[in-house]
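would you be able to build a 3D model of this:
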Amino acid sequence: MSRIASVLLPMPLPEAFDYAEPEGMVLQLGDQVAAPLGPRLLRGVVVALREAAGGNRPLKPLEAILEEPRLPPGTVEFVQWAARYSVDWPGQPLAIALRGARAQKPRPVRVVELTGATPARPTPARAKVLQAATAQAVSPPDLARAAGVGAGVVKGLIEEGVLAVRLVDAVARFDPPDPARPGAALNPSQAAAAQALKAMLAEGSFNVALLDGVTGSGKTEVYLEAAAQVLASDPTAQVLILLPEIALTQAVIARVTARFGAEPGEWHSDVAPPARRRVWEAVAGGRCRIVVGARSALFLPFSNLKLIVVDEEHDASFKQEEGFIYHARDLAVARGKIEAAGVILASATPSLESLRNAEQGRYRWLKLSSRHGAAQLPDIQIIDLRQAPPDTGRWLSPALVKAMGETFARGEQTLLFLNRRGYAPLVLCKACGERMTAPDTDSWLVEHRYSGRLVCHLTGFSMPKPKACPHCGAHDSLVSIGPGVERVEEEAKGLFPQARVAVFSSDTIFDAREARRMIETMAEGQIDILVATQAAAKGHNFPNLTLVGVVDADLGLRGGDLRAAERTYQLLAQATGRAGRRDKAGRALLQTWAPEHAVMQALAAQDRDAFVEAEMAERELAGLPPFGRLAAVVVSGVDPVQLEGFVQAMAQAAPNAAGVAVYGPADAPLALIRGRRRKRFLVRADRTVDLSAYMATWRARVKPPAAVRVAIDIDPYSFL
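Residues are numbered from 1 along each chain as shown. Presented below is the predicted three-dimensional model:
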């Protein structure tokens with residue numbers, strides 16, 4: 001009896017399509033196949049096979065099995081689970097999982113091999129080449145090196161026909177990691193945590209641990225020891241280390257390489273397509289045993305994944321906000337369960353969700369309460385801007401400027417932290433009051449003085465700063481309001497003309513190579529004052545950095561973000577934690593207009609537990625995460641009348657369910673983006689409710705017009 005193959009296509013389609021297995025073709029789960037869809041042949045993946053039991057219509061046969069690595073069963077299951085959880089079409093996460101397979105192939109490489117002919121003129125050097133050539137086919141230069149002879153000897157044998165040159169596909173070779181190499185010396189607290197992790201992983205089943213350690217406590221060394229046990233216990237085991245920022249990858253790769261004597265695979269958006277392809281194939285083939293990467297590395301086709309580490313697990317960068325919407329931390333836990341792998345969530349400021357799971361006993365809770373070695377936590381002080389504001393036209397208070405001067409005089413470094421890119425966040429006309437916004441978008445244009453342009457950080461639109469107001473025509477009337485990192489850099493240079501001042505933000509650092517160069521320059525002491533956004537506020541070690549000044553500590557508390565207090569505390573704790581990480585004492589100064597706010601008080605007292613307790617109590621009263629669940633629905637369209645009609649119909653179609661409340665529709669805070677009007681719903685549910693199933697049922701009840709888009713976000717982090 002012939003079989004039917006369910007094939008999932010990497011497209012926004014609601015389900016897998018059925019195809020007939022042609023006679024003579026033997027399919028397996030996870031095979032990549034050429035599947036006909038209309039007039040086209042598309043790449044797809046076999047996600048199910050069943051015996052054909054007859055039907056009322058013939059099925060199209062599959063065209064071919066592609067000569068590509070098969071997706072392991074765990075990857076196939078994870079892709080489908082992720083789609084159900086995120087209430088999205090399954091082809092969306094599959095497209096992420098196949099990103100490496102669809103990347104440009106590396107260029108073929110030239111290798112030489114023996115032809116069986118004998119050289120007309122035997123010599124000792126030629127004999128060495130022939131001996132080396134029996135091992136494996138390698139490039140001519142590599143063969144010459146292996147034989148210890150000059151390139152001319154190999155060239156002569158090729159010309160005689162004793163060796164033949166052919167082109168072969170490049171195969172990535174990752175040296176096997178050596179878990180027996182000695183690691184860093186651990187203090188008693190680290191050693192105890194490492195031992196607990198090893199005991200957990202020795203069980204060989206799904207478990208989650210929260211590695212909760214203050215900044216500088218040496219969490220990386222601890223989880224690398226856990227990784228060593230996994231790699232030693234199974235010669236095919238694979239380890240994934242997820243990081244929230246590309247800027248952090250090089251430092252972690254260096255530490256992994258030093259610990260295991262072999263470079264891990266690197267996976268993020270800055271990796272060139274051919275290199276991405278090599279890593280993808282090596283992971284699928286089990287030849288790459290350690291991967292360090294960004295959130296999408298979670299979708300790689302691991303053949304034997306045994307440990308997932310989510311470093312800085314609290315970080316909002318793990319949330320993918322466009323396309324397929326997901327949170328990598330939550331999906332990492334799910335993939336760990338599917339693969340029967342261990343999961344380590346590491347952070348100095350864990351998310352409230354992870355802390356709640358640890359309190360309830362769902363996660364093992366391991367604490368590192370002190371810094372490694374002689375380093376001490378920095379002294380944190382609050383600067384009340386109501387009592388000691390900056391001078392007119394400046395943004396750095398006298399107290400912070402004084403501290404910077406003292407730090408510079410001692411030959412130590414300062415980090416000025418402001419999580420706002422560009423020169424000024426708002427440009428308006430002093431003649432008519434017009435605020436400069438991007439075309440067809442409510443987002444304000446940010447002035448970038450380096451480039452002389454106004455930029456929309458939401459859509460990427462940019463334009464030269466005009467000489468006259470586009471609204472009223474007044475010349476030289478556009479003024480910049482508020483500070484960005486470029487403006488703070490300008491002020492720092494004016495105050496300390498002898499100091500070496502630099503800016504670290506995504507506008508000045510464009511790729512991982514430049515980020516690594518900036519971090520190394522700072523670590524080597526070649527920068528006196530670094531003005532930075534969150535790109536430099538977490539995970540980095542700067543030995544001579546002793547002062548952190550937070551320019552606008554209240555920035556993250558503004559707006560309607562339900563997680564504002566938690567995220568502000570996490571970000572500022574991480575930023576201030578950059579100070580005093582070696583033997584020199586560090587301090588941090590927080591400029592704030594609201595020194596009485598619970599976040600500021602908790603930071604100054606370094607009392608995270610008090611902040612967490614208060615925030616948890618507020619969340620519990622409101623039924624918000626981690627005590628309840630949230631989902632957001634963003635509906636957008638070009639025609640405001642059509643959009644309003646659809647969202648009203650959608651509101652009427654919302655299922656009635658106990659423990660679920662639907663709020664909206666309402667205008668989104670950014671109600672216009674790229675010419676599309678936006679409406680939002682917010683859904684709150686008790687933890688006993690299957691929120692994904694509820695949202696899937698609601699989505700199935702409505703059919704949006706072609707011009708209307710509906711995006712569902714389970715556990716939203718952005719409320720724009």
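
residue 164: how many residues sit nearby?
Residue 164 is flanked by 15 other residues according to other C-beta atoms under 10 Å. In this view, the C-beta of every residue, glycine as well, is placed from N, C-alpha and C.

quick one: neighbours of the nearest residue to it once chain neighbours are set aside, just the number.
Among residues not flanking residue 164 along the chain, residue 115 sits closest, at 4.9 Å (C-beta to C-beta, 6 or more residues apart in numbering). Residues near residue 115, counting by other C-beta under 10 Å, number 13.

same check, this time on the one 4 residues further on
By other C-beta under 10 Å, 16 other residues sit near residue 119.

ok, it - contacts?
126, 130, 157, 160, 162 (C-beta atoms under 8 Å, 6 or more residues apart in numbering).

give the helix, strand or coil label for it.
coil (DSSP: H, G, I helix; E, B strand; the rest coil).

of the contacts of residue 119, grab the buried ones for ChimeraX.
In ChimeraX syntax, the buried subset of these is picked out as below (16 or more other C-beta atoms under 10 Å):
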select :126,130,157,162
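
now distance to residue 573, secondary structure and pLDDT too, for the contacts of residue 119, in a markdown table please.
Output for those, formatted as a markdown table (distance: C-beta to C-beta, whole Å; DSSP: H, G, I helix; E, B strand; the rest coil; pLDDT from 0 to 100):
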| residue | distance to residue 573 | secondary structure | pLDDT |
| --- | --- | --- | --- |
| 126 | 66 | helix | 91 |
| 130 | 64 | helix | 88 |
| 157 | 64 | helix | 91 |
| 160 | 69 | helix | 87 |
| 162 | 67 | coil | 88 |
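
any idea what residue 447 is bridged to?
Counting by DSSP bridges, residue 447 is bridged to residue 424, residue 454.

tell me the contacts of it?
Listed by C-beta under 8 Å, 6+ apart, the contact partners of residue 447 are 422-424, 427, 453-454, 465, 480, 484.

highest neighbour count among these?
Neighbour max across the contacts of residue 447 (other C-beta under 10 Å) = residue 484, 28 neighbours.

so residue 685 sits against residue 631, correct?
Yes. Contact criterion C-beta atoms under 8 Å: residue 685 and residue 631 qualify, at 7.4 Å.

intersection of neighbour lists for those two?
Common contact partners of residue 685 and residue 631 (C-beta under 8 Å, 6+ apart): 691, 694.

before we move on, back to that, tell me which of the contacts of residue 119 is nearest to residue 531?
Of all the contacts of residue 119, residue 531 sits closest to residue 157, with 59.9 Å by C-beta to C-beta.

next up, phi/psi of residue 663, please.
phi -110, psi 130 (degrees, to the nearest 10).

okay, it: pLDDT?
Predicted confidence (pLDDT) at residue 663: the value is 96.

and what of residue 56?
64.

before we move on, the earlier item: in contact with the residue nearest to residue 164, which residues?
Residue 115 sits in contact with 161-164, where contact means C-beta under 8 Å, 6+ apart.

between the residues you listed, which is closest to residue 492?
Looking across the contacts of residue 115 and measuring by C-beta to C-beta, the closest to residue 492 is residue 163, at 62.6 Å.

distance of that closest one relative to residue 573?
62 Å (C-beta to C-beta, to the nearest Å).

can you check residue 524 too?
For residue 524, the distance to residue 573 - C-beta to C-beta - is 26 Å.

so which of the two has more stuff around it?
Between residue 524 and residue 573, residue 573 has the larger neighbour count (other C-beta under 10 Å), namely 25 against 11.

phi, psi of the more buried one?
Per degrees, to the nearest 10, the backbone of residue 573 is at phi -60, psi -40.

what's the most distant pair in the contacts of residue 119?
Farthest-apart pair in those is 130 and 160; separation 11.7 Å (C-beta to C-beta).

domain assignment for this protein?
Taking automatic domain parsing as the domain assignment, the ranges for the chain are 3-97, 109-168, 188-368, 379-420+483-617, 628-714.

mind listing the helices for the stretch 451-600 of the chain?
Taking DSSP state H, counting those that start in this stretch, the helices of the stretch 451-600 of the chain run over residues 485-495, 512-523, 564-576, 598-605.

off-centre distance for the third one?
Put simply, helix 564-576 sits 18 Å off its chain's centre (C-alpha atoms, centre = their mean, to the nearest Å).

low-confidence stretches in the stretch 201-350 of the chain?
Along the stretch 201-350 of the chain, no part satisfies pLDDT under 70.

go again using 90 as the cut-off
204, 214-218, 245-251, 269-275, 322 (pLDDT under 90).

would you map the helices across it?
219-233, 246-260, 273-284, 328-339.

let's have those helices in JSON lines, adding distance to residue 368 and mean neighbour count.
Below are these laid out as JSON lines (distance: least, C-beta to C-beta, whole Å; neighbours: other C-beta atoms under 10 Å):
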{"stretch": "helix 219-233", "distance to residue 368": "6", "mean neighbour count": "22"}
{"stretch": "helix 246-260", "distance to residue 368": "17", "mean neighbour count": "20"}
{"stretch": "helix 273-284", "distance to residue 368": "31", "mean neighbour count": "21"}
{"stretch": "helix 328-339", "distance to residue 368": "19", "mean neighbour count": "22"}
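
quick one: closest of those to residue 370.
Of the helices of the stretch 201-350 of the chain, nearest to residue 370 by C-beta to C-beta is helix 219-233, at 12.3 Å.

residue 481 pairs with what?
Going by DSSP bridges, residue 481 forms beta bridges with residue 426.

list the contacts for it?
By C-beta under 8 Å, 6+ apart, the neighbours of residue 481 are 424-428.

can you give me how far stretch 485-501 is from the chain middle?
With C-alpha atoms, centre = their mean, you get 31 Å for stretch 485-501.

tell me which residues of it come out buried.
Under 16+ other C-beta under 10 Å, the buried positions of stretch 485-501 are 485-492, 495-496, 499, 501.

and stretch 425-435, by the same measure?
For stretch 425-435, by 16+ other C-beta under 10 Å, it's 425-429, 431, 434.

show residues contacting that stretch.
436, 444-447, 454, 465, 469-472, 474, 477-484.

picking up where we left off before, any chance of the domains of the chain in CSV, with distance to residue 175 too?
As requested, the domains of the chain are arranged in CSV below (distance: least, C-beta to C-beta, whole Å):
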stretch, distance to residue 175
domain 3-97, 20
domain 109-168, 15
domain 188-368, 4
domain 379-420+483-617, 21
domain 628-714, 40
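
pick the most deeply packed of those domains.
The highest mean neighbour count among those, using mean count of other C-beta atoms under 10 Å, belongs to domain 188-368: a mean of 21.

pretty sure residue 34 is touching residue 61, no?
No. Applying C-beta under 8 Å as the test, residue 34 and residue 61 come out as separate, 10.6 Å apart.

for residue 311, name its beta-bridge partners.
residue 346.

separation between it and residue 288?
19 Å.

what do you get for residue 473?
For residue 473 relative to residue 288 (C-beta to C-beta), the value is 60 Å.

need the buried residues of stretch 485-501 in JSON lines (columns: distance to residue 681).
Supplementary listing: these in JSON lines, determined by distance: C-beta to C-beta, whole Å:
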{"residue": "485", "distance to residue 681": "36"}
{"residue": "486", "distance to residue 681": "38"}
{"residue": "487", "distance to residue 681": "38"}
{"residue": "488", "distance to residue 681": "39"}
{"residue": "489", "distance to residue 681": "42"}
{"residue": "490", "distance to residue 681": "43"}
{"residue": "491", "distance to residue 681": "43"}
{"residue": "492", "distance to residue 681": "45"}
{"residue": "495", "distance to residue 681": "49"}
{"residue": "496", "distance to residue 681": "51"}
{"residue": "499", "distance to residue 681": "51"}
{"residue": "501", "distance to residue 681": "46"}
